[in-house]
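Peer 1: Turn this into a model:
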Amino acid sequence: MKILLIFIDGMGLGRYEAASNPFVRFDPRFFKELFGQPLTIELGRFYHPEGCLVPTDACLGVPGLPQSATGQTAIFTGVNAPQLMSRHIPGFPGPALAGIIREHGIMRRLAEQGFAVTSANMYTPGYHELVTMKKRRYSVTTLVILEAGIALRSLPEMQQAQAVYQDLTNDLLLPLELPGVTGITPAEAGRRLVNIAENHHFTMFEYFQTDRYGHKQNWLTAEQVTRQLDEFLCAVRDSVSSDMTVIITSDHGNFEDLSVKTHTNHAVPTIIMGSRCQEAATQINDLTHITPVILSLLKGENFL
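Peer 2: Predicted coordinates for the structure are as follows:
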């Protein structure tokens, strides 16, 4: 079995309201074909042999709006990071969260058990140097990769079509004039991601334009993001083999409600497609359940 985890930052389950929810106003084909209607909280839990939807608690019993650092730590470790820290922490992980990732990170745990793991994301050349110069900070997802002893994909992998940039199309890379880097379609990015995942037991990919533009409340860019994400996800769905399970999830709400600039306390969607999707979906209620379900799927264990 192979698992592809697509992490979409800032994507919650909003109301069936076109005035505030891009997933209703623009009605992406991926969700419509999978669930028969737009991606909203009204769907509830949805079970089907081709795909399941689980409204997933991102608040984790802690007051306040869910945030990226603690939410992502919960996803990629199975640890209730907001509860341990007694608050939701935004942005990038500090030493305490980094320690949780070091000990419990899913990629390290899988790698130590002999599974082939990777991240498909491309990082720009000189990324580590920028971190050393304190012009960048390691995100949760980046620490999950590094703590597993896995090298970050960069320009050589992109030149060989063995990496996907976080914007899907490489549009943000083109001004850098990197040799061999050209624009691609979201569908091509989706097919490329599946191709990478076919050669690993576990592959993760991070997309965060949803969170970025959710904060901006700009309907023109929201439409572009929605349509590009839709094309990308449709290509992933149409390209996966029968032995691959795709899990799509998020850390907190944001993009689903453009009436506010902040995150939301909405449940986030966890979408599972592929073998054992219905069985896996029954085991998920909040963000801390994602890692245990993946571990059980890959190790061929029965769910407890």
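Peer 1: roughly how far apart are the most far-flung residue of the chain relative to its centre and R276?
Peer 2: Within the chain, P179 marks the point farthest from the mean C-alpha position, 28.0 Å out by C-alpha atoms, centre = their mean. To R276, P179 is 43 Å away according to C-beta to C-beta, to the nearest Å. Just so you know, the C-beta spots here come from the backbone N, C-alpha and C atoms, and that holds for glycine as well.
Peer 1: can you check R153 too?
Peer 2: 28 Å.
Peer 1: Quick check, the residue farthest from the centre of the chain in contact with Q159.
Peer 2: Yes - P179 lies in contact with Q159 (C-beta atoms under 8 Å); the separation is 7.3 Å.
Peer 1: which stretches of this structure aren't confidently modelled?
Peer 2: Within the chain, the stretches with pLDDT under 70 are 301-304.
Peer 1: Where do the helices of it begin and end?
Peer 2: Secondary structure of the chain (DSSP state H): helices at 22-25, 29-35, 68-77, 81-85, 95-104, 106-112, 127-132, 140-146, 155-159, 186-197, 209-216, 219-239, 277-281, 290-299.
Peer 1: quick one: which of those is nearest G51?
Peer 2: helix 29-35 (4.8 Å; C-beta to C-beta).
Peer 1: Output that closest one as PDB, restricted to C-alpha atoms.
Peer 2: The C-alpha trace of helix 29-35 is given here as PDB (Å, rounded to 0.1, in the frame of the first residue of the first chain):
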ATOM      1  CA  ARG A  29     -15.800  19.800  -9.800                       C
ATOM      2  CA  PHE A  30     -13.700  17.600  -7.600                       C
ATOM      3  CA  PHE A  31     -15.900  17.900  -4.500                       C
ATOM      4  CA  LYS A  32     -19.100  18.000  -6.600                       C
ATOM      5  CA  GLU A  33     -18.300  14.700  -8.300                       C
ATOM      6  CA  LEU A  34     -17.100  13.000  -5.100                       C
ATOM      7  CA  PHE A  35     -19.900  14.200  -2.800                       C
END
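Peer 1: Relative to N121, how far out is A281?
Peer 2: 26 Å.
Peer 1: Is C52 in contact with Q278, as I believe?
Peer 2: Yes - counting by C-beta under 8 Å, Q278 is a contact partner of C52 at 5.7 Å.
Peer 1: Give me the more crowded residue out of these two.
Peer 2: C52 (23 against 14; other C-beta atoms under 10 Å).
Peer 1: and that one, what are its bridge partners?
Peer 2: C52 has the following beta-bridge partners by DSSP bridges: I272.
Peer 1: so what's it up against?
Peer 2: For C52, the contacting residues are 45-46, 271-273, 277-278, 280-281, by C-beta atoms under 8 Å, 6 or more residues apart in numbering.
Peer 1: how far away is it from P269?
Peer 2: Look at C52 and P269: by C-beta to C-beta, they are 10 Å apart.
Peer 1: sorry, back to before: out of the helices of the chain, the one nearest D251 is which?
Peer 2: Across the helices of the chain, closest to D251 is helix 68-77 (C-beta to C-beta), at 3.3 Å.
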